[in-house]
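> How does the following fold in three dimensions:
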Amino acid sequence: MMDVLVLGAGPAGLSLAAELGQRGLSVQGLSLTDPADPLPNTYGIWVDELEALGHTEWLSHRWTNCVVQVRGRTLPLQREYGLIDRQRVQTHWLTTAERHGVQWLKGAVAQCHTTAQGSEVITQAGDTLSARLVVDATGHQPVLVQRKAKADVAYQAAYGIVGRFSQPPIEADHMVFMDFRDDHLSSLDQQQGPPTFLYAMDLGDGCYFVEETSLAQHPAISMDTLKHRLHQRLRHRGVEVSEIHHEERCLFPMNLPLPDLNQPVVGFGGAASMVHPASGYLFGALLRRGPMLANAIVDALNQANLTTPQVAQRSWDALWPQDRLRKHYLYLFGLENLMDFSPTQINHFFGTFFQLDTKDWAGFLADGLTLPQVVQSMIGLFGQAPNDVRWGLMTSVTRHGSLLQRTITL
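As a prediction, the model looks like this:
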């Protein structure tokens, strides 16, 4: 019997399997695809987050000139941003896992049975895999992790292009974190939304990445709408697409319910609802919270008197401690505000948010603040925001006060 069976070979599964293997556990992975298949999405991260983890070698590009643009203003962020080299980080995880004996199998889960002694996963091919603990890292629609259904799931959606253009779509050597300017839209679209923003990078050698993004919307904005808006935005600035090297389509849920934290299968990544509800961040959370989860699993498995459900409970508690649960509901409240705001309010909100102290907005986006610090930052934002944002926040307490209540009463 293996110590841990990890399901899924995306960033969540690969990173956790490597962490568990490094700690001396016997680990097996099961995935529908070859874990060496290229990772499909673009992953950006603030450089100081990787510096804290000692892995800046994973970056393919770095930008010191990072800005946010809102109606009438360009805000320099005074913080360095980086682009993850997907092949480099994937190779690191795979070679680390292989060096510590992690084996990957290709297959799909058909059934899972858990007893006090362990779990048995039966694949669709009829094979039986036994482990003292199963970790489901199969994404936002997990194969085993259970959560309550939700009808009004909000999605972040993005359509992007890597390519060459008739002229630079952004300033040379710049990274545009958010460009919420909407002068390329009709006055009706400007007023009624839904708002979208440009996320863009100068990749060097005349190549750029430009992506039109919807922060959160229910139902999700269509890829066709995002593609149309991206080309509208470019044309308005006299830019035409000359070559397309790669198209990216990204769609993921922002506010899935938390999993049942008492179930005997542990989740990680999207399967554990780890997407930051107010920002969509996940990659950095995998890097920070994976080692903590791996340590908790090792500690629990080393206690011979614990049953598999008890090991799972210790693991869930490490992944979702009370402080993080409270912040999660506060972030959900923030998400509801953003979805309720008009395009004008959105511009005013982010124009204020990114003028907070860097440690405040950075910590909010990365879930790096304590609950009192998050509350203090929100109070500071309320004090500095224009009246339309203040009014929106106040009226949101009436509509979404239950989320604030859960922050207090958990």
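> show me the contacts for residue 26.
2, 3, 4, 101 (Cβ atoms under 8 Å, 6 or more residues apart in numbering). For glycine as for every other residue, the C-beta is placed from the backbone atoms N, C-alpha and C.
> neighbour-wise, which of those leads?
residue 4 (28 neighbours; other Cβ atoms under 10 Å).
> before we move on, the earlier item: mind checking which of the contacts of residue 26 land in strands?
By the criterion of DSSP state E, membership of the contacts of residue 26 in strands covers 2, 3, 4.
> isn't residue 59 right next to residue 85, touching?
Yes - with contact defined as Cβ atoms under 8 Å, residue 59 and residue 85 form a contacting pair (6.5 Å).
> quick one, which of these two is more surrounded?
Taking other Cβ under 10 Å, residue 59 and residue 85 do not tie; residue 59 has more neighbours (19 against 16).
> Tell me the bridge partners for that one.
Counting by DSSP bridges, residue 59 forms beta bridges with residue 84.
> Can you tell me how far it is from residue 86?
According to Cβ to Cβ, to the nearest Å, residue 59 and residue 86 sit 11 Å apart.
> mind showing which ranges of this structure have poor pLDDT?
By pLDDT under 70, the low-scoring segments of the chain are 192, 410.
> mind listing the helices for it?
Per DSSP state H, the chain carries helices over the ranges 11-22, 47-53, 86-99, 187-192, 223-236, 283-301, 308-319, 322-340, 343-353, 358-366, 371-384, 387-409.
> The shortest one packs against which elements?
Spelled out, it's helix 187-192. Here helix 187-192 touches helix 343-353, going by 3 or more Cβ pairs under 8 Å, 6 or more residues apart in numbering; DSSP states H and E.
> before we move on, what about the second one?
If contacts are counted by 3+ Cβ pairs under 8 Å, 6+ apart, helix 47-53 sits against strand 59-63, strand 81-84, helix 283-301.
> Output it in PDB with nothing but the alpha carbons.
The C-alpha trace of helix 47-53 is given here as PDB (Å, rounded to 0.1, in the frame of the first residue of the first chain):
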ATOM      1  CA  VAL A  47       8.600  38.300  -8.200                       C
ATOM      2  CA  ASP A  48       8.700  38.900  -4.400                       C
ATOM      3  CA  GLU A  49       6.400  35.900  -3.900                       C
ATOM      4  CA  LEU A  50       8.900  33.600  -5.700                       C
ATOM      5  CA  GLU A  51      11.800  35.200  -4.000                       C
ATOM      6  CA  ALA A  52      10.300  34.200  -0.600                       C
ATOM      7  CA  LEU A  53      10.100  30.600  -1.900                       C
END
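> Contacts made by it with the rest, please.
The contact list for helix 47-53 (Cβ under 8 Å, 6+ apart) reads 56, 58-59, 62, 79-82, 284, 287-288, 362, 366.
> Turn these into JSON lines, including distance to residue 242.
As requested, the contacts of helix 47-53 are exported to JSON lines (distance: Cβ to Cβ, whole Å):
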{"residue": "56", "distance to residue 242": "32"}
{"residue": "58", "distance to residue 242": "30"}
{"residue": "59", "distance to residue 242": "27"}
{"residue": "62", "distance to residue 242": "26"}
{"residue": "79", "distance to residue 242": "31"}
{"residue": "80", "distance to residue 242": "29"}
{"residue": "81", "distance to residue 242": "25"}
{"residue": "82", "distance to residue 242": "26"}
{"residue": "284", "distance to residue 242": "33"}
{"residue": "287", "distance to residue 242": "36"}
{"residue": "288", "distance to residue 242": "39"}
{"residue": "362", "distance to residue 242": "35"}
{"residue": "366", "distance to residue 242": "36"}
